[in-house]
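[1] how would this look folded up:
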Amino acid sequence: MDLTTNYMGLTLQHPIIASASPLSGTLDGIKRLEDGGSAAVVMFSLFEEQIRHENDAFSHLMESGTQSFAESLSYFPDVDEYQVGPESYLELLHDASEAIDVPIIASLNCVTGDGWIDYAKQMQQAGADGLELNIYSVEPDLDATSDELEQRYIDILKAVKSTVSIPVALKLSPFFSAMGNMAKRLDEAGADALVLFNRFYQPDIDIQDLEVKPSLGLSSAGEIRLPLLWIAILHGKLNASLAATRGVENPDEVIKYLLAGADAVMTTSSLLRHGPAYTNTLLEGLKAWMEARRFSSVKQVRGSMSRAKVANPAAFERANYIRVLESYQSAYI
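    Numbers count the residues shown, from 1 in each chain. Here you go, the predicted structure:
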């Protein structure tokens, strides 16, 4: 059985990747992810704030929209609260690239187009086999247009691509008014892979203490539907690889993502719940399913139930929306 896949130009032994998480915060953790069966490891993110916290552009970004509510400044952590600095990140990246045999993918979490382009080059020099850009921002400016925000993604991608020769992936949010067109534009701008989708961590409100507090929960299998939909729609239409992330808890989710057209399937929550060795459980489940259905390769599975391949493409569109609503049953109806 041939489980190999090509992701962003990297040949992987199988399609299951350990995505960015605290598990990759130490060399021992990265080794455990490799030993646990991960075909590649995405390191935890290095934040733009850690690189450019004294930069005027970043200071303006942090202060934007907070003049009316000064207490909102406290929502942002002080730089000293970060667990690792840029130099330590590069040192860990270098050590990991020497210590493990699977590809190591560095991760940059960024907002603006300034301050971290040179660091992308340093990540390549430190030994990264690839780079994942995580452009995570919530735009509070009501005058900012969708064109401006989308162009920010394009500009950041082009700037990084002009700096490094290793493959570059973009981890996207689903919050684009025309997701398909945005994916096409990023593909044309040179993205080697698109990772669908980023999770946005919205704050919660403590009604007793009247404080805004961070809230983080691990993903669940029910969250695969949105990335599953867009991977199925985009499969075969882009040169960039497609990686699925979010909601991978069992082998079933890995299989569904591959059937939709994913080149790679990333997971964090399941490894945090069950440990780094859980990758082998996911992989064995995939292999057993393929064997039972006489698939001899991941290539045969990939995209076999994408929008372009299924008998009824409308199942991915409005017709399925109507069908879902009509199928709901309740004892009170």
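[2] Low-confidence regions, the stretch 1-150 of the chain specifically.
    48-85, 111-116, 137 (pLDDT under 70).
[3] if you set the cut-off to 90 instead, what comes out?
    Counting by pLDDT under 90, the ranges of the stretch 1-150 of the chain that qualify are 21-22, 45-88, 108-119, 134-146, 148-149.
[4] Helices of that one, residue ranges please.
    For the stretch 1-150 of the chain, helices defined by DSSP state H, counting those that start in this stretch occupy the ranges 27-35, 48-52, 56-63, 86-99, 117-126, 146-161.
[5] Can you add distance to residue 20 and mean neighbour count and give those helices back as CSV?
    Bear in mind the C-beta positions are built from the backbone N, C-alpha and C, glycine included. Below are the helices of the stretch 1-150 of the chain laid out as CSV (distance: least, CB to CB, whole Å; neighbours: other CB atoms under 10 Å):
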stretch, distance to residue 20, mean neighbour count
helix 27-35, 11, 18
helix 48-52, 14, 21
helix 56-63, 21, 13
helix 86-99, 12, 17
helix 117-126, 13, 18
helix 146-161, 17, 16
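[6] what about residue 288, how many neighbours?
    Using other CB atoms under 10 Å, residue 288 has 11 neighbouring residues.
[7] The closest residue to it other than its chain neighbours: neighbouring residues, count only.
    In space, and not counting its chain neighbours, residue 288 is closest to residue 251: 7.7 Å by CB to CB, 6 or more residues apart in numbering. Neighbour count for residue 251, taken as other CB under 10 Å: 18.
[8] correct me, but residue 251 touches residue 289?
    Yes. Counting by CB atoms under 8 Å, residue 289 is a contact partner of residue 251 at 6.6 Å.
[9] Can you check the pLDDT for the residue nearest to residue 288?
    Listed pLDDT for residue 251 reads 97.
[10] which other residues reach stretch 117-129?
    Applying CB atoms under 8 Å, 6 or more residues apart in numbering, the contact partners of stretch 117-129 are 10, 40, 46, 51, 86, 90-91, 93-94, 96-98, 103-106, 108, 131, 159-160, 163-167.
[11] try stretch 6-14
    Applying CB under 8 Å, 6+ apart, the contact partners of stretch 6-14 are 3-5, 15, 17, 39-40, 102-103, 129-130, 167-169, 192-193, 240-241, 243, 263-264, 283, 286, 298.
[12] Only whichever of these are buried, select them in PyMOL.
    What follows is the PyMOL syntax selecting those of the contacts of stretch 6-14 that are buried according to 16 or more other CB atoms under 10 Å:
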select buried, resi 3+5+15+17+39+40+102+103+129+130+167+168+169+192+193+240+241+243+263+264+283+286+298
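[13] Restricted to strands, list the contacts of stretch 6-14.
    Mapping these onto strands (DSSP state E) picks out 5, 17, 130, 168, 169, 193, 241, 243, 264.
[14] from these, which two are the most distant?
    Farthest-apart pair in the ones in strands among the contacts of stretch 6-14 is 5 and 168; separation 18.3 Å (CB to CB).
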